[in-house]
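S.K.: predicted coordinates and the sequence they were generated for:
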Amino acid sequence: MQGSGTAICLGTDVDTDMIIAGRYLRTKDRGIWAEHVFEDLDSGLAGRMRGAVIVAGKNFGCGSSREQAAVALKEAGVIAVVAPSFGRIFFRNGINVGLPLVECHLPCEAGDAVRFDLANGWVESGGKRYPVRPLSPRMQEILRAGGLVRYWKGHR
Amino acid sequence: MSTLSERILGASAGEYVDRKVNRAYVHDGTGVLTLESWKSMGGDRLADASHLYVLFDHITPANNSTTATLQHELREFARSSFLQFSDIGNGICHQLMSEGIVLPGEVVVGADSHSCTMGAFGAFATGVGATDMAAIWMTGETWFRVPATIGVHLNGTLGGAAEAKDLALTYVGKLGMDGGTYQALEFIGESAAVLGMDERLVLCNLAVETGAKTGMFYADSVTVKYLAGRGHDVYPQVPECCDYSRELYLDLADVVPVVAVPPRVDTIKMVRDLAGLPLDQVFVGTCTNGRYSDLARFARVVRGRKVAVRTLIVPASRAVLAEAIRTGVLADLVEAGCTIGSPGCGPCLGAHMGVIGEGEICLSTANRNFKNRMGVGGEIYLASVATAAASALSGEITEPEVP
């Protein structure tokens, strides 16, 4: 549950319609979600997701329960999302699809290197280290397994 | 002393618990992915199927053959595995669950964010994603973090042309889009007891727009009577005094007709301040305001007159539609020039059947006005049924008359 990537800065209250629009939900093709991620927020973002750590404002992923939002980010190559708070269904979805979510108010400079260690509860950027709200033991286990599907496979 | 969430989940705020789920439901939108995840988990273990519901409502009837194929697969699975299945045209999942299925004290989980609506019955009800639901299909259980609770005290009486939707938008405006994040809302106070079931459903429906896990009313004589009429004998829940993380006091007499201005649900303005804004479409329906009482209120205003803008009415369920037919409400709506959609979510999520075009403005009785939600480049103003009716007649945002 460690990782690093390049910061992409986003604002507050980014809803799941912004992450993946309802018009792209009529498919099981994960590639389509990755291709259209953030299309309604900034159509240039989709091409910059690989290796990115999204650093957002409060309430990231609010709104709809669509798991496709978390899958779209994961599939597009996002390493992790850092935000002071998350929409709670998105938070569960993110962990369930194996996308690290880092609860922390992190100042964002686009292009900065961001490093995090969820087991030890910190995130680093711009030469400073910040504490992270820890995940529950269950969520840590799910994330370590690579998501809820693999977690359950391991528990059979 | 416990909050209603603590009482139902049997633990204190902040604790993590594993709980058996009394009812778990998906719709055609989330069910497809739930089935995928369930298969990936092994696909050989299913909890008691009598508690698992698959209710088609999001893109119904199917808009194209891709959707139809996805729906076909889920439909066949639901039938062959004996899940409780409801096909297209029966209505919105939350509405169907509210028509005599969800009971007080139950733990209810839906793969849809507006599952919080079921808290109106004194159930602990919340939304989850598809893979969480797949695990629930397997085990019949899930984990919860017991939420802290915001006490929303309701006092006084709604007056003038204000209705429950105006009250709901008002509290969303006060709490903000993240004011309830990770918490539950409990609606209490002397006026909570006099609100009808339809009004409670509206208030609980919008809880998630503050980020809340659920919105709840204590089951009382109103709940008991409503469920008795649907074949259930239930008991009221007696509120205890409890520790709230925050308290919000609302005097219903102060509530006036309001709209939520796009693209935020918490940008609340008085209808009179936006009066005259030209509209391209009025949409009445959804899990917020598509019930029979909503259609009847709309019909009372437009009866014998003609709407001045294209107006789409989508009943929340087949039962709602049937009652509107029986009482003549449907005829009033059709004769006034409204277009009637098949029971379901309609264009709320922008998938089909009434989406709006670039630059168009829709006044909607739904619960979300996010950018592009009902169509790329279109804008959504959220309002009450009364405001929708007055605005449909004039073709522009219009203050409703006092009924």
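M.R.: Looks like it came in fine.
S.K.: how about the residues of chain A near chain B?
M.R.: Listed as neighbours of chain B in chain A under the rule CB under 8 Å from any CB of the partner chain: A:13, A:15, A:17-18, A:21-23, A:25-28, A:40, A:58-59, A:62-68, A:70, A:85-90, A:92-93, A:96-97, A:136, A:138, A:147-149, A:152-153, A:156. C-betas here are computed from N, CA, C, even on glycine.
S.K.: quick check on these: which are buried?
M.R.: Among the residues of chain A next to chain B, those scoring as buried are A:13, A:15, A:17-18, A:21-23, A:25-26, A:40, A:58-59, A:62-68, A:70, A:85-90, A:92-93, A:96-97, A:147-149, A:152 (criterion: 16 or more other CB atoms under 10 Å in any protein chain shown).
S.K.: need the CA coordinates for whichever helix or strand residue A:139 is part of. PDB is fine.
M.R.: According to DSSP states H and E, residue A:139 maps onto helix A:137-145. Only the C-alpha atoms of helix A:137-145 are listed here, as PDB (Å, rounded to 0.1, in the frame of the first residue of the first chain):
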ATOM      1  CA  PRO A 137      -8.100  -3.000   9.200                       C
ATOM      2  CA  ARG A 138     -10.700  -4.600   6.900                       C
ATOM      3  CA  MET A 139     -10.200  -2.000   4.200                       C
ATOM      4  CA  GLN A 140      -6.400  -2.300   4.500                       C
ATOM      5  CA  GLU A 141      -6.900  -6.100   4.000                       C
ATOM      6  CA  ILE A 142      -9.100  -5.500   0.900                       C
ATOM      7  CA  LEU A 143      -6.700  -3.000  -0.600                       C
ATOM      8  CA  ARG A 144      -3.700  -5.300   0.100                       C
ATOM      9  CA  ALA A 145      -5.500  -8.100  -1.700                       C
END
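S.K.: for that helix, buried residues please.
M.R.: Neighbour-count burial for helix A:137-145 [16+ other CB under 10 Å]: A:139, A:142, A:143, A:144, A:145.
S.K.: residues contacting the second one?
M.R.: Read it as residue A:142. Taking CB atoms under 8 Å, 6 or more residues apart in numbering or on different chains, we find residue A:142 in contact with A:95, A:96, A:148, A:151.
S.K.: hang on, the first one in a helix?
M.R.: It refers to residue A:95. Yes. Under DSSP: H, G, I helix; E, B strand; the rest coil, residue A:95 falls within a helix.
S.K.: need the pLDDT of the closest residue to it other than its chain neighbours.
M.R.: Counting by CB to CB, 6 or more residues apart in numbering or on different chains, the nearest residue to residue A:95 once its immediate chain neighbours are dropped is residue A:139, at 4.9 Å. We have a pLDDT of 95 for residue A:139.
S.K.: what's the first helix or strand after the helix holding residue A:139?
M.R.: Using DSSP H and E, the helix or strand that follows helix A:137-145 towards the C-terminus is helix A:148-154.
S.K.: what packs against the helix or strand residue B:205 falls within?
M.R.: Using DSSP H and E, residue B:205 sits within helix B:197-205. When contacts are defined as 3 or more CB pairs under 8 Å, 6 or more residues apart in numbering or on different chains; DSSP states H and E, helix B:197-205 packs onto helix B:93-98, helix B:164-175, strand B:184-188, strand B:214-217, helix B:221-228, helix B:286-289.
S.K.: circling back: pretty sure the residue nearest to residue A:95 contacts residue A:94?
M.R.: No. Taking contacts as CB atoms under 8 Å, residue A:139 lies outside contact range of residue A:94: 9.7 Å.
S.K.: what about residue 120, neighbour count?
M.R.: You didn't say which chain, so I picked chain A. Residue A:120: 11 surrounding residues under other CB atoms under 10 Å in any protein chain shown.
S.K.: not quite, go with chain B.
M.R.: By the criterion of other CB under 10 Å, residue B:120 has 31 neighbours.
S.K.: distance of it from residue B:199?
M.R.: For residue B:120, the distance to residue B:199 equals 9 Å [CB to CB, to the nearest Å].
S.K.: check contacts around residue 18.
M.R.: No chain specified, so I'll use chain A. Residue A:18 neighbours (CB under 8 Å, 6+ apart): A:38, A:40, A:41, B:370, B:371.
S.K.: wrong one, I was asking about chain B
M.R.: Per CB under 8 Å, 6+ apart, neighbours of residue B:18: B:141, B:142, B:143.
S.K.: those in strands, which ones?
M.R.: Taking DSSP state E, the ones among the contacts of residue B:18 that sit in strands are B:141, B:142, B:143.
S.K.: on that earlier part again, what lies in contact with the helix holding residue B:205?
M.R.: With CB under 8 Å, 6+ apart as the test, helix B:197-205 has contacts from B:94, B:98, B:114, B:116-120, B:163-165, B:167-168, B:171, B:185, B:187, B:192, B:195, B:214-217, B:222-223, B:226, B:287-289, B:291, B:293-294, B:367.
S.K.: ok, stretch B:294-311 next?
M.R.: Stretch B:294-311 has contacts (CB under 8 Å, 6+ apart) with B:163, B:198, B:279-284, B:313, B:315, B:320, B:324, B:327, B:329-330, B:332-333, B:335-339, B:365, B:385-386, B:388-395, B:400-401, B:403.
S.K.: keeping just the C-alphas, turn stretch B:73-80 into CSV.
M.R.: Output in CSV follows, covering the C-alpha atoms of stretch B:73-80 (Å, rounded to 0.1, in the frame of the first residue of the first chain):
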residue,chain,number,x,y,z
GLU,B,73,-28.2,-11.3,-19.2
LEU,B,74,-29.1,-9.8,-15.8
ARG,B,75,-32.8,-10.7,-16.3
GLU,B,76,-32.0,-14.3,-17.1
PHE,B,77,-29.7,-14.6,-14.1
ALA,B,78,-32.3,-13.1,-11.7
ARG,B,79,-35.0,-15.5,-12.9
SER,B,80,-32.9,-18.6,-13.0
